[in-house]
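Chemist: I would like to see how this sequence folds:
(chains A and B)
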Protein chains: 2
Amino acid sequence: MIKQLTLIGVGLIGGSFVLDLKQRGLVQTVVGVDVNAQNLRDALALGVIDRAESKISAQSVGDADLVLLATPVATLPEICRQLAQFLPSEVIISDVGSTKMSAMSAFMQFLPNHLAHCVAAHPIAGSDKSGAVSAHTGLFKQKKVILCPHNNQSSGSLKKMETLWQAVGAQVYELSAEEHDKVMAAVSHLPHLFAFAYVHQMLDNPQGAGYLQFAGSGFRDFTRIAASHPQMWTDITLENRDNLLKLLSEHLAQLAYLQTCLHNQDVEKLYRYFAEAKQVREIWGQSH
Amino acid sequence: MIKQLTLIGVGLIGGSFVLDLKQRGLVQTVVGVDVNAQNLRDALALGVIDRAESKISAQSVGDADLVLLATPVATLPEICRQLAQFLPSEVIISDVGSTKMSAMSAFMQFLPNHLAHCVAAHPIAGSDKSGAVSAHTGLFKQKKVILCPHNNQSSGSLKKMETLWQAVGAQVYELSAEEHDKVMAAVSHLPHLFAFAYVHQMLDNPQGAGYLQFAGSGFRDFTRIAASHPQMWTDITLENRDNLLKLLSEHLAQLAYLQTCLHNQDVEKLYRYFAEAKQVREIWGQSH
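Modeler: You can find the predicted model right below:
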């Protein structure tokens, strides 16, 4: 049982996590801290949080057992800097961000005395929705959560976060922060770049708007992630830019191969390329 | 009322169309012609077709009012060549392929005497499913169908196909074959190439298989179309390669821009790029 959980950034992920914890009686009081006053009012009205605070202070974090950082990843350094002076000694600090090297670096730089209790975590349950109004129970059921233990990690704090995530229905995995960022660049951040780039291409094409009226279900699914939060994805892609730049180069080689196949009208190579991709996607689909 | 509709290629699109027509009493007998004997048995068992034929002959098309070509687009020239000798004079020939310049070219080369009654058509209702077993009623409800009238078109035959597609719930549009192919390259064929290329990149990456176990809902939707029929997409991308090569070049410029933004850590440009794409996608989503 957590007596006080302070949620910094009351959005889809953090809000849904505390709703699930509340439903299971695993948390007594949730204090929400957010820069957006309307978002805080929504969160109070919807029962996501029990008390609203506009800033990090002794009042908002001084009595917390767990401080959960659920703001855009680029804000972590400044938030950790502010937290340092108010944190009780045994409090667990954890986060939900999509890049983990940057989270670890904020913890190490600004919370060196709390490092043992800093647990870098990433629930893979993002969506194009955001804000407290989008929070809902059950979001993490059968979703994967990656914890990134580090050399100075308290095993008790790590275990506590693992238990909470499992309690809300998630499957917990452990990867190093470095490995996590490589994985996520490949399976999440890269396709977001592609979806943004493709939709932007339609915007830049003088005929694009006319074309889009004939777009169907393939377009719908392929571009859903292009409606994702622009600030969040600016942060994520910059925090993970080295991995992304490497993968972008690999992707350009794939497209160059397709250009050559099309240019040479190479039926066999195109067929084999599409068939191989289809097989990978189908095998993945059978187990996910 | 159509007395006999001969469906050449009994798959998702053609099968679903005739099921809808049957349900509405708009066709008396459906004769299915397919090279796959098992597929024909499935189609008979499921009531998609009333009679099965293994080849184009006087028996399969000699009494037809409407011959619907619903095979992979690359097969149209050979099918039209075979059809020519058996067609009754007033029969309507129509198709459902994803590229229309190539359909027109097959009609013009092999059915010059029937050209007035050749109606190039494309129902935008494809999926990654295929075969007679995937056919079902209601597939075309509120889906768009593009008809591509030509200079020698019989207005009666065009009107007949428009009426049938509207009867099964589709919204009918008219575009020239050339314009159709440009539109479809942009909104459908291009994202298929991207999805295949991205999944193939994961296949080619030595760590790819490990990465994929952490793929979530973004990956699922983005790559759904990579499970599409490889032969069908080999045909489509080759038939529409000039438009696709042009769009691929434009896309490489978009990715190069993103590479530069990431390399320079240009927060503002990245944010604006993502925000603009999000807006386009959201506006599209509101009306589709």
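Chemist: What is the end-to-end distance of stretch A:224-243?
Modeler: For stretch A:224-243, the separation between the terminal residues is 23 Å (Cα to Cα, to the nearest Å).
Chemist: Name the residues of the lowest-mean-pLDDT helix or strand in chain A that are buried.
Modeler: Ranked by mean pLDDT, DSSP states H and E, the weakest helix or strand in chain A is helix A:217-223, scoring a mean of 92. Within helix A:217-223, the residues that qualify as buried are A:217-219, A:221-223, counting by 16 or more other Cβ atoms under 10 Å in any protein chain shown. All C-beta spots, glycine's among them, are computed from the backbone N, C-alpha and C.
Chemist: Stretch A:187-202 too?
Modeler: A:187-202.
Chemist: which one of these sits closest to A:R241?
Modeler: A:H189 (9.4 Å; Cβ to Cβ).
Chemist: Could you check the pLDDT of the closest one?
Modeler: A:H189 carries a pLDDT value of 96.
Chemist: Just to be sure, it is in a helix?
Modeler: Yes - counting by DSSP: H, G, I helix; E, B strand; the rest coil, A:H189 falls inside a helix.
Chemist: longest single helix anywhere in chain A?
Modeler: Across chain A, the longest stretch assigned as helix under DSSP state H is helix A:241-263.
Chemist: Between helix B:241-263 and that helix, find me the angle.
Modeler: Interaxial angle, helix A:241-263 versus helix B:241-263 (axes from the mean of the first three to the mean of the last three Cα atoms, to 10 degrees): 170 degrees.
Chemist: name the helices or strands packed onto helix A:241-263?
Modeler: Here helix A:241-263 is seen to pack against helix A:190-204, helix A:267-286, helix B:190-204, helix B:241-263 when contacts are counted using 3 or more Cβ pairs under 8 Å, 6 or more residues apart in numbering or on different chains; DSSP states H and E.
Chemist: That helix - what's its average pLDDT?
Modeler: Helix A:241-263 shows an average pLDDT of 98 in the prediction.
Chemist: now stretch A:198-215
Modeler: Taken as a whole, stretch A:198-215 has a mean pLDDT of 96.
Chemist: ok, which stretches of chain A are helices?
Modeler: Under DSSP H, chain A gives helices at A:12-23, A:37-45, A:58-61, A:76-83, A:101-110, A:155-167, A:177-184, A:190-204, A:208-212, A:217-223, A:230-239, A:241-263, A:267-286.
Chemist: Can I get the second one as PDB, trimmed to CA atoms?
Modeler: Translated: helix A:37-45. The C-alpha trace of helix A:37-45 is given here as PDB (Å, rounded to 0.1, in the frame of the first residue of the first chain):
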ATOM      1  CA  ALA A  37      -4.600  24.100 -14.600                       C
ATOM      2  CA  GLN A  38      -7.500  22.900 -16.800                       C
ATOM      3  CA  ASN A  39      -5.900  19.500 -17.000                       C
ATOM      4  CA  LEU A  40      -5.700  19.400 -13.200                       C
ATOM      5  CA  ARG A  41      -9.400  20.400 -12.800                       C
ATOM      6  CA  ASP A  42     -10.300  17.600 -15.300                       C
ATOM      7  CA  ALA A  43      -8.200  15.100 -13.300                       C
ATOM      8  CA  LEU A  44      -9.800  16.100 -10.000                       C
ATOM      9  CA  ALA A  45     -13.300  15.900 -11.500                       C
END
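Chemist: For the most centrally placed residue in chain A, which non-adjacent residue is closest in space?
Modeler: Closest residue to the average C-alpha location of chain A: A:S98 at 3.6 Å, with Cα atoms, centre = their mean. Distances taken as Cβ to Cβ, 6 or more residues apart in numbering or on different chains put A:I236 closest to A:S98, at 4.9 Å, once the chain neighbours are dropped.
Chemist: Kindly export stretch A:203-214 (C-alpha atoms) in PDB.
Modeler: Coordinates of each C-alpha in stretch A:203-214 appear next as PDB, following Å, rounded to 0.1, in the frame of the first residue of the first chain:
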ATOM      1  CA  LEU A 203       0.900  18.100 -47.300                       C
ATOM      2  CA  ASP A 204       3.800  19.300 -49.400                       C
ATOM      3  CA  ASN A 205       2.300  17.800 -52.600                       C
ATOM      4  CA  PRO A 206       0.100  20.400 -54.500                       C
ATOM      5  CA  GLN A 207      -2.300  17.600 -55.300                       C
ATOM      6  CA  GLY A 208      -2.100  16.000 -51.900                       C
ATOM      7  CA  ALA A 209      -5.400  17.300 -50.400                       C
ATOM      8  CA  GLY A 210      -7.300  16.000 -53.500                       C
ATOM      9  CA  TYR A 211      -5.600  12.600 -53.200                       C
ATOM     10  CA  LEU A 212      -6.500  12.200 -49.500                       C
ATOM     11  CA  GLN A 213     -10.200  12.100 -50.200                       C
ATOM     12  CA  PHE A 214      -9.600   8.700 -51.800                       C
END
